[in-house]
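Next one to model:
(2 chains)
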2 protein chains.
Amino acid sequence: MGGVEARVPRGMRDLMPDEMRKRDAVLQRFKRVFRRYGYECIETPALEYWETLSGKYGVEGERLIYRFMDRGGRELGLRYDLTVPLARFIASHPDIPKPFKRYQVQTVWRADKPQRGRYREFCQCDVDIVGSSGVSADAEIIAILYECISSVGVDFSIRTNSRKLIRALVERLGIGVEDELPLARAIDKLERDGLDKVLEEVERLGVKGEALSMLKDFLSTKGTPEEVFASVSSFLGDSSSASSALSELRELFAHLEHYGLDEKKVLLDLSLARGLDYYTGPIYEVSVEGADVGSVGGGGRYDELLGMFVGRRIPATGASIGLDRLMSLLETSSSLDVEEGSADVLICRFSEETEEFEYRLARELRGAGFSVDLYLGDKARKGLRPQLGYAKDKAIPFVLIAGPDEMSKGSVRLKVMRTGEQIEMPASSVVDRLRELTSGG
Amino acid sequence: MGGVEARVPRGMRDLMPDEMRKRDAVLQRFKRVFRRYGYECIETPALEYWETLSGKYGVEGERLIYRFMDRGGRELGLRYDLTVPLARFIASHPDIPKPFKRYQVQTVWRADKPQRGRYREFCQCDVDIVGSSGVSADAEIIAILYECISSVGVDFSIRTNSRKLIRALVERLGIGVEDELPLARAIDKLERDGLDKVLEEVERLGVKGEALSMLKDFLSTKGTPEEVFASVSSFLGDSSSASSALSELRELFAHLEHYGLDEKKVLLDLSLARGLDYYTGPIYEVSVEGADVGSVGGGGRYDELLGMFVGRRIPATGASIGLDRLMSLLETSSSLDVEEGSADVLICRFSEETEEFEYRLARELRGAGFSVDLYLGDKARKGLRPQLGYAKDKAIPFVLIAGPDEMSKGSVRLKVMRTGEQIEMPASSVVDRLRELTSGG
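Have a look, this model is predicted:
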């Protein structure tokens, strides 16, 4: 006995009942938002063939995929995100009506270096539109992201930008087209590593002198869309790529106005780049005030990714919310009004004699919709004390005592754990009485 | 473009929106039952260290585990069930109050030969009590199983037996104690392979002549508990193991009586053995009328498994429902009243001119709680026809048409897709009108 080392794998964790109650409350809110916008739920397998996953996340990303052999000798990998599986899904189901608006809440795995708030297994809540090229689709995704994060009561903002602006920047800086991704990746590290480090990295791409100091100004430009547009126009000039990027962003913000969002919370931030390779247009990211766990969500348009699977271009845009990071922020927030106890009522057990009475009360209360824990521990024979301890440990607010004395009188005693008060009442009135007590009355 | 083969891995599948709606409805019902009995939800990682999983499922089972190396060179495996992870969980969290009543709804993986209704990735809904040795705990689990399956409206029965009776049978047949598991596994194949095959296999264990024909009678004994008890007593005699097994089963059925279940649906069936190694007491299994997908759920007491992790004996009992098998039965059943459409209303799009009007209607309807799909396809400029086709494809029951004509009059047209009827009304009354129409009025 006891030979097995009982440890959870490194970088992973168990989710305890109180965490699950909070997660469930948050997911209910998210799903309500997704459904209100007409998004449908799908699920895809945790495993995909290696060919499906490879070549999509860049070298650094790909190294983090849990990869292994099937019994038939085929290579498989565990989901790294929900976007590539969506692209594969669309190719596997070519007849699905488009635009296809879907949400998906599933676990992903990355063999990353574990650190605070960062796990090797975590849950993503993704929302995407497939088959819609207009910025109205990007605006809808941003609005949904906004509503989801609002619904859990944290202080946040959504920063937006466009990969097209970064492409225009590449032209303006006079570096090669092949440097767009390295530039985006360098810029993406701004928040983590600071401006100096980013400029060093950009210098290595061949940007020098005046161009470098212009970039410094560019990356420091934040504010309301109109302020930023003005400064960007003067910086990027009127090249066709710059003006197309700018007019797309202007249109995006025009659409966003229809959603009645707080303008101070949806910003244009030229330093936003996002690390992933596949973005082609608007990109967006949620920043939470005072959070040191990185971004809790974000996304963007990826008009080329689906073509890799489907064989023809299908535009798409979407966002992902990292549930685990968000939950770690909510630990200190009281905005989730989640019940603490494992049940509404504990029914104590006494003896064989009272068994039928206890079971009958349990059935009656369950029938009335209460969550009822009938004590089944082996310590029932030791009387009330261990059972009251159990109720306390499990934060069960009410304990029903229906021992031989009470049974002979047809009564029960209801103990209110918070106050210690015990109320004796006829067994027939316990449902009504509990309803009063639990409705805050 | 189009170089990637877009296939789902063998034995796995995507879950489509209509399937997800049904699964969600079923899971809501299960969770309501679990919570009504005071069970709490946990989740454990998909991956466990190989040492955690190995030696728990028998040779045949262990071969089906997806197994691979961590980057650090440690061996990992994907969850094979939720019972062994629960045992590891209890050891990892020694202070959790007991009895611990938990439910867990997660995916498991088995590299099994794919066949109808059997996948390599499937969802289990488990409910267990840890730290309770009495049969009252087994009775509660059976009652929960009963309520869950009842809640989805299929015709079922729960067959019960005890591993202790099989132990007594081993004694009676005069074979060695080490043959208990082989005997259980042989009997477990009764339903699949038939009585003759089972008797052949038992003969190989050394059971012959009269003993074998007695076993034949024994395995054919089904009926109400009292009928079976009578016939078993006469067969097994009054050895101490036989009478302790029988008294335990009698007590179990006495507890079950308190739950007011339909007696014809909870049977004692001496041919039930269950394949897993770790059962020690009462075992139970759900059989669904006319199902050819095997059992949809079952479980039993496993008083020794937790000791392998915890270092001391902790009794436990619990059941598992196979959601995917159950869902495949429900495909032909109409007991789930699930809405079909992806949204309540589709709002058509016309031109930039009407955009604000359309967005305003969308916000208003969403604010009133409706699920609203604002058409975002690139075909919006082609007029109504593709948008109505989209509503039809997605089974959206109502389409809101708010074009330039309607806008100028401050009205909208609501098309009822089922009848083709179009109702023109003031824009201000659309919320009330939709409420009437969707409440079946």
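
drop to CA atoms for contacts and neighbour counts, all remaining ones
Noted.

mind listing the strands for the stretch 101-250 of chain A?
Assignment of strands within the stretch 101-250 of chain A using DSSP state E, counting those that start in this stretch yields the ranges A:121-130, A:156-162, A:222-223.

between those, which one is nearest to chain B?
strand A:121-130 (7.2 Å; Cα to the nearest Cα).

average model confidence for the closest one?
Averaging pLDDT along strand A:121-130 gives 98.

State the paired neighbours of it in the sheet, together with their directions.
Its sheet considered, strand A:121-130 pairs with strand A:100-109 (antiparallel), strand A:316-322 (antiparallel) by DSSP bridges.

which residues are contacting the last one?
Applying Cα atoms under 8 Å, 6 or more residues apart in numbering or on different chains, the set of residues contacting strand A:316-322 from outside is A:122-133, A:137-138, A:141-142, A:145, A:296-303, A:306.

for the stretch 251-400 of chain A, what are the low-confidence residue spans?
Residue ranges of the stretch 251-400 of chain A with pLDDT under 70: A:291-293, A:332-335.

That one: strands as residue ranges?
With DSSP E, counting those that start in this stretch as the criterion, the stretch 251-400 of chain A has strands at A:266-269, A:282-288, A:297-301, A:316-322, A:345-347, A:372-374, A:398-401.

thinking again about what came up before, out of the strands paired with strand A:121-130, nearest to residue B:25?
strand A:100-109 (16.2 Å; Cα to Cα).

Run the chain-centre distance for that closest one.
Centroid separation between strand A:100-109 and its chain, computed with Cα atoms, centre = their mean, to the nearest Å, is 10 Å.

For residue A:342, see how far away residue A:369 is.
15 Å (Cα to Cα, to the nearest Å).

Which one's more surrounded, those two?
residue A:342 (27 against 16; other Cα atoms under 10 Å in any protein chain shown).

Verify the stated contact: that one with residue B:38.
Yes: with contact defined as Cα atoms under 8 Å, residue A:342 reaches residue B:38; the gap is 5.9 Å.

how many other residues sit next to residue A:145?
The number of residues near residue A:145, taken as other Cα under 10 Å, comes to 28.

same check, this time on residue A:363
As a burial measure, residue A:363 scores 19 neighbours (other Cα under 10 Å).

distance of residue A:250 from residue B:351?
For residue A:250 relative to residue B:351 (Cα to Cα), the value is 18 Å.

In terms of neighbours, single out the busier of those two.
residue A:250 (16 against 13).

dump the residue contacts of that one.
residue A:225.

likewise residue A:65?
A:77-80, A:109-111.

if I look at it, how far off is residue A:121?
Residue A:65 sits 11 Å away from residue A:121, taking Cα to Cα as the criterion.

Look through the stretch 151-300 of chain A and state the residue closest to chain B.
Counting by Cα to the nearest Cα, the stretch 151-300 of chain A gets nearest chain B through residue A:258, at 6.2 Å.

Now for the closest residue to chain B within the stretch 201-350 of chain A, how many residues are close by?
Relative to chain B, the nearest point of the stretch 201-350 of chain A is residue A:311 (3.6 Å; Cα to the nearest Cα). Number of residues near residue A:311 (other Cα under 10 Å) recorded here: 13.

now the one 10 residues further on
Residue A:321 sits with 24 neighbouring residues when counted by other Cα under 10 Å.

Please name the bridge partners of it.
Applying DSSP bridges, one finds that residue A:321 bridges with residue A:125, residue A:297.

okay, the strands of the stretch 251-400 of chain A in JSON lines with distance to residue A:175 next?
Below are the strands of the stretch 251-400 of chain A laid out as JSON lines (distance: least, Cα to Cα, whole Å):
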{"stretch": "strand A:266-269", "distance to residue A:175": "22"}
{"stretch": "strand A:282-288", "distance to residue A:175": "22"}
{"stretch": "strand A:297-301", "distance to residue A:175": "24"}
{"stretch": "strand A:316-322", "distance to residue A:175": "28"}
{"stretch": "strand A:345-347", "distance to residue A:175": "69"}
{"stretch": "strand A:372-374", "distance to residue A:175": "68"}
{"stretch": "strand A:398-401", "distance to residue A:175": "70"}
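
Residues of the stretch 301-441 of chain A that sit close to chain B?
Within the stretch 301-441 of chain A, the positions adjacent to chain B are A:307-312, A:342-344, A:356, A:359-360, A:363, A:366, A:369-374, A:376-378, A:390, A:393-394 by Cα under 8 Å from any Cα of the partner chain.

which of the residues you listed are buried?
A:307-310, A:342-344, A:359, A:363, A:366, A:369-374, A:376-377, A:390, A:394 (16 or more other Cα atoms under 10 Å in any protein chain shown).

wait, what's in contact with the spatially closest residue to residue A:6 that is not a sequence neighbour?
Closest residue in space to residue A:6, ignoring its immediate chain neighbours: residue B:88 at 5.3 Å, by Cα to Cα, 6 or more residues apart in numbering or on different chains. Shown in contact with residue B:88 (Cα under 8 Å, 6+ apart): A:6-8, B:52, B:306, B:309.

The helix ranked longest in chain A close to chain B?
In chain A, assigned by DSSP state H, the helix with the most residues is helix A:17-36. Yes: judged by Cα under 8 Å from any Cα, helix A:17-36 comes into contact with chain B at A:17, A:20-21, A:35-36.

from the residues you listed, which is closest to residue A:154?
Of all the residues of helix A:17-36 next to chain B, residue A:154 sits closest to residue A:21, with 18.1 Å by Cα to Cα.

and the closest one, what is it in contact with?
By Cα under 8 Å, 6+ apart, the neighbours of residue A:21 are A:338-339, B:41.

For PyMOL, write a command that selects the buried ones of these.
With 16+ other Cα under 10 Å as the criterion, this PyMOL line picks the buried residues out of the contacts of residue A:21:
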select buried, chain B and resi 41
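
how about JSON lines for the contacts of residue A:21, with distance to residue B:288 added?
Output for the contacts of residue A:21, formatted as JSON lines (distance: Cα to Cα, whole Å):
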{"residue": "A:338", "distance to residue B:288": "37"}
{"residue": "A:339", "distance to residue B:288": "36"}
{"residue": "B:41", "distance to residue B:288": "26"}
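
Got the phi and psi for the residue of the stretch 151-300 of chain A closest to chain B?
With angles defined as degrees, to the nearest 10, residue A:258 shows backbone torsions of phi -70, psi -20.

Surely it and residue B:357 touch.
No: taking contacts as Cα under 8 Å, residue A:258 lies outside contact range of residue B:357: 9.4 Å.

now stretch A:24-43, how far from the chain's geometric center?
Distance, centroid of stretch A:24-43 to centroid of chain: 11 Å (Cα atoms, centre = their mean).

picking that back up, now, which of the contacts of residue A:21 lie within helices?
In helices, defined here by DSSP H, there are no members of the contacts of residue A:21.

closest to residue A:150 among the contacts of residue A:21?
For the contacts of residue A:21, the closest approach to residue A:150 (Cα to Cα) belongs to residue A:338, at 17.0 Å.

The spatially closest residue to that closest one that is not a sequence neighbour and chain B: what is the separation?
Distances taken as Cα to Cα, 6+ apart place residue A:22 nearest to residue A:338, at 6.3 Å, with adjacent residues excluded. Applying Cα to the nearest Cα, to the nearest Å, the value for residue A:22 to chain B is 11 Å.

Tell me how many other residues surround residue A:22.
19.

That concludes my questions; thank you for your assistance.
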